[in-house]
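Chemist: okay, predicted coordinates and the sequence, questions at the end:
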Amino acid sequence: MITQTADHTDIRATNLAAVLGFLRRTAPCSRAAIASGTGLNKATVTSIVGELLDRRLVRETQQTQNHVGRPATLLVLDGSAYATIGLEVSARGLTAIGCDAAGEQVLRWHRAGPGVDAGPAKTIAALAALARRAITSVQSTGRRVLGITVGVPGLVNREGAVVLAAGLGWRDVPLCAELAAALARPDIPVTVDNDASLGVLAEHLYGEYAGTPNLIQLTGDTGVGAGIIADGRPLEGHLGYVGEIGHLRLIPDGPLCPCGRHGCLEALASLPAILARVDASAEEDDSQHQLEALLRRADDREADVIQVLTEAGTHLGHGIAALVNILNPEVVVLGGAYALLADHLVPAIDKALREATIAPDAGGCTVVASTFPHTATPLGATAHAFTPLTSGRLPG
């Protein structure tokens with residue numbers, strides 16, 4: 001009897017996930033369209049939609065059809081009851097985004113600092129303060145916060161501990177446990193993941209190439225990381241340590257990387273490495289102003305800046321080629337500062353990519369700039385925090 005109940009529960013969750021996924025992709029749509037698109041029978045769809053209406057996850061609307069007769073009753077996602085919060089820790093500061101269950105943003109904040117040298121304890125305290133404010137703001141709209149996900153530029157294990165974030169100088173930081181303890185909200189689950197893995201989730205759901213089954217997002221604001229969608233699913237790996245392309249050694253006797261090795265892609269082509277080469281005397285805590293100055297100088301075609309960006313683009317092209325040779329993606333999206341610098345990086349990336357890729361024409365891969373360079377990670381984090389719901393597990 002227990003096995004039958006569990007099986008029934010699993011089937012119900014699978015069917016709920018299918019209905020919610022179809023609505024996310026195609027709403028507004030009718031019950032009949034959901035049945036046709038998911039392969040579920042009409043009675044099952046009617047039952048599931050009724051439950052979703054009761055839970056304020058779906059609402060009815062009317063839309064005139066292009067045929068004779070009264071308007072059909074159509075369904076859309078309802079974001080009035082639930083939301084999640086996505087947070088990002090990076091060298092340029094902390095970012096928070098709140099999204100409701102219909103995918104609409106209900107808050108978006110950014111604060112500069114703490115800096116890279118602040119250390120984990122100070123950063124976690126600031127992160128907790130930002131999360132508390134975000135929770136209060138979301139709850140003031142009448143929505144329940146279903147979860148919080150944090151994106152960090154580094155290796156994150158299954159328990160949400162940051163094993164290594166070289167660009168932040170972090171090792172073995174139990175971020176998930178410490179943030180959850182600081183918040184003292186057992187009703188709001190906290191999870192932690194790699195920033196690029198969350199960024200590619202945002203691109204796959206909301207970006208210009210949304211739905212592309214083989215998609216990679218490359219970021220380099222703190223370290224260099226790759227988030228990977230393979231055959232329509234996030235690539236996670238054995239322990240979750242996927243996409244650390246920043247520590248691919250390209251030049252064995254090259255510059256020292258924060259990880260302690262020499263010649264890593266991160267030491268050659270991350271934003272901090274680029275800024276250090278352009279202006280070695282710049283203050284490390286002022287990365288946003290340094291980036292703005294870099295963009296101005298690049299747009300003015302200053303020769304030394306263009307040379308640095310061309311060399312960085314070449315290194316990135318070689319790194320991307322390694323991904324292309326192994327994974328054969330259709331699109332590689334440049335995120336963060338790489339998106340802002342794309343006009344100056346892409347020509348060198350494309351040239352190196354085609355030279356270093358074994359398949360003709362880089363295996364059909366296109367390199368493009370993200371359309372939301374500043375928010376992909378926290379936006380993807382909000383989607384990640386909705387995973388129980390999108391898997392068909394309704395809030396208790």
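Modeler: That came in fine, so what should we check first?
Chemist: any chance you could map the helices in the protein?
Modeler: 2-26, 31-38, 42-54, 120-139, 175-183, 195-206, 265-269, 271-278, 287-299, 303-327, 336-340, 342-356, 376-385, 387-390 (DSSP state H).
Chemist: worst average pLDDT in those helices?
Modeler: Lowest mean pLDDT within the helices of the chain: helix 2-26, a mean of 82.
Chemist: please name every helix or strand in contact with it.
Modeler: helix 31-38, helix 42-54, strand 72-77, helix 387-390 (3 or more C-beta pairs under 8 Å, 6 or more residues apart in numbering; DSSP states H and E). Yep, even glycine has a C-beta here, placed from its N, CA and C like the rest.
Chemist: next, the angle from the longest one to helix 31-38.
Modeler: Angle between the axes of helix 42-54 and helix 31-38 is 110 degrees (criterion: axes from the mean of the first three to the mean of the last three C-alpha atoms, to 10 degrees).
Chemist: angle of helix 42-54 against helix 2-26?
Modeler: 80 degrees.
Chemist: quick one: contacts of helix 42-54?
Modeler: Contact with helix 42-54 is made by 15-16, 19-20, 31-32, 34-35, 38, 40, 58-60, 75, 394, as judged by C-beta atoms under 8 Å, 6 or more residues apart in numbering.
Chemist: rewinding a little: okay, the helices and strands packed on helix 2-26 in a markdown table with mean neighbour count and distance to E104 next?
Modeler: As requested, the helices and strands packed on helix 2-26 are exported to a markdown table (neighbours: other C-beta atoms under 10 Å; distance: least, C-beta to C-beta, whole Å):
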| stretch | mean neighbour count | distance to E104 |
| --- | --- | --- |
| helix 31-38 | 18 | 21 |
| helix 42-54 | 15 | 17 |
| strand 72-77 | 17 | 9 |
| helix 387-390 | 16 | 15 |
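Chemist: distance to V106 for those - can I get that in JSON lines?
Modeler: Converted to JSON lines, the helices and strands packed on helix 2-26 look like this (distance: least, C-beta to C-beta, whole Å):
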{"stretch": "helix 31-38", "distance to V106": "26"}
{"stretch": "helix 42-54", "distance to V106": "20"}
{"stretch": "strand 72-77", "distance to V106": "14"}
{"stretch": "helix 387-390", "distance to V106": "16"}
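Chemist: so which bits of stretch 88-101 are buried?
Modeler: 88-101 (16 or more other C-beta atoms under 10 Å).
Chemist: of those, closest to L146?
Modeler: A101 (8.1 Å; C-beta to C-beta).
Chemist: model confidence for that closest one, exactly?
Modeler: Note on A101: pLDDT of 97.
Chemist: wait, doesn't it sit right on A385?
Modeler: No - look at A101 against A385 with C-beta atoms under 8 Å: they stay out of range, at 10.9 Å.
Chemist: circling back: closest one of the buried residues of stretch 88-101 to V156?
Modeler: V89 (11.0 Å).
Chemist: pretty sure that closest one sits against L168.
Modeler: Yes - taking contacts as C-beta under 8 Å, V89 lies within contact range of L168: 7.2 Å.
Chemist: pull up the overlap in contacts between the two.
Modeler: T123, V152, P153.
Chemist: hang on, the earlier thing: tell me which of the helices of the chain sits nearest to A161.
Modeler: helix 175-183 (6.4 Å).
Chemist: which helices and strands does that closest one pack with?
Modeler: Packing partners of helix 175-183 (3+ C-beta pairs under 8 Å, 6+ apart): helix 120-139, strand 144-152, strand 190-194.
Chemist: how about residues contacting stretch 127-136?
Modeler: Contacts of stretch 127-136 (C-beta under 8 Å, 6+ apart): 85, 87, 89, 94, 96, 98, 107, 109, 111, 145, 148, 150, 179, 182-183, 185, 188.
Chemist: how far does that stretch sit from the chain's center?
Modeler: In terms of C-alpha atoms, centre = their mean, to the nearest Å, the centre of stretch 127-136 is set 20 Å apart from its chain centre.
Chemist: likewise stretch 262-277?
Modeler: Here stretch 262-277 is found 22 Å from its chain centre; the criterion is C-alpha atoms, centre = their mean.
Chemist: can you point out the buried residues in it?
Modeler: For stretch 262-277, by 16+ other C-beta under 10 Å, it's 263-277.
Chemist: surely P189 meets G147?
Modeler: Yes - taking C-beta under 8 Å as the definition, P189 is a contact partner of G147 at 4.6 Å.
Chemist: quick one: which of those two has more around it?
Modeler: The residue with more neighbours, out of P189 and G147, is G147; 23 against 17, by other C-beta atoms under 10 Å.
Chemist: model confidence for the more buried one, exactly?
Modeler: Looking at G147, its pLDDT is 98.
Chemist: sorry, back to before: mutual contacts of P189 and G147, please.
Modeler: Joint contacts of P189 and G147 (C-beta under 8 Å, 6+ apart) are A385.
Chemist: state the distance from G21 to L198.
Modeler: Using C-beta to C-beta, to the nearest Å, G21 is found at 19 Å from L198.
Chemist: who has more neighbours out of those two?
Modeler: Comparing G21 with L198 by neighbour count (other C-beta under 10 Å), the higher total belongs to L198, at 31 against 15.
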